[in-house]
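>>> build me a structure from this.
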Amino acid sequence: MLKAKVSSYEARIISSDFRVYGMVHLAAHVSTTRMLNNTRRPFVPVTRCRVYRPGFQHPPAEEELLYEPHFLALPKRGVRWLVGGEADEASPGIELETRKLFALFEDYVLSGNLRLAPGARVSDYLIGGDGLRPFQNLFDAELRLPQRGITLVELPVAQRFPFVTVNFGAVGGLFDVVESREVPFLFEE
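As a prediction, this is how the structure comes out:
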């Protein structure tokens, strides 16, 4: 049996149970989203792991360290978002539009640009012709912290990323600036 060429990437995975820092491994020409959306493989293999208590703060405090396994099979269903790996690249000749999205979580908001077909509704795009695709890249992503009386667009930025891979099936809600009539306040005063 021939062994497939694999590339390793440092990654930070925020799951419903843990923050995992380690190495993810992708086959050649396979993006992080494609690997995560592959339903035939329900786990993310992570090596050289450091597993911390749940949260989103980076870097985590050493007293939050729980485990240091060499290998961890992390269930994809629990992955909220991931930093690292390989971003999806648009196929040549395919026209895409960039849409600013806000993924709402209990304690924070991830914002960034989703690339999708022009005029498409986000909910339709996530289902797509080949089935459910909950994991998607947000480019020029920002982790924002809620504050009273401030709109989603004006929330302070705590962290920035070239891209993150977000499990839209694990968010509390999605806000698309284009599809909305006004930008809501997270908390009314």
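>>> how about the secondary structure of residue 86?
coil (DSSP: H, G, I helix; E, B strand; the rest coil).
>>> confidence score at it?
Predicted confidence (pLDDT) for residue 86: 92.
>>> now swap in the one 3 residues further on and tell me
pLDDT for residue 89: 80.
>>> name the nearest residue to it, ignoring sequence neighbours.
Once flanking residues are discounted, residue 89 sits nearest to residue 31: 7.4 Å by Cβ to Cβ, 6 or more residues apart in numbering. For glycine as for every other residue, the C-beta is placed from the backbone atoms N, C-alpha and C.
>>> contact partners for the one you found?
Residue 31 sits next to 85, 86, 87, 88, 89, 137 when contact means Cβ atoms under 8 Å, 6 or more residues apart in numbering.
>>> for residue 73, same thing?
Residue 73 touches 43, 44, 45, 46, counting by Cβ under 8 Å, 6+ apart.
>>> ok, residue 38 next?
Not one residue lies near residue 38 by Cβ under 8 Å, 6+ apart.
>>> go on, the one 5 residues further on?
Shown in contact with residue 43 (Cβ under 8 Å, 6+ apart): 73, 74, 75, 76.
>>> farthest-apart pair in the residues you listed, please.
For those, the maximum inter-member distance is 10.0 Å, found between 73 and 76 (Cβ to Cβ).
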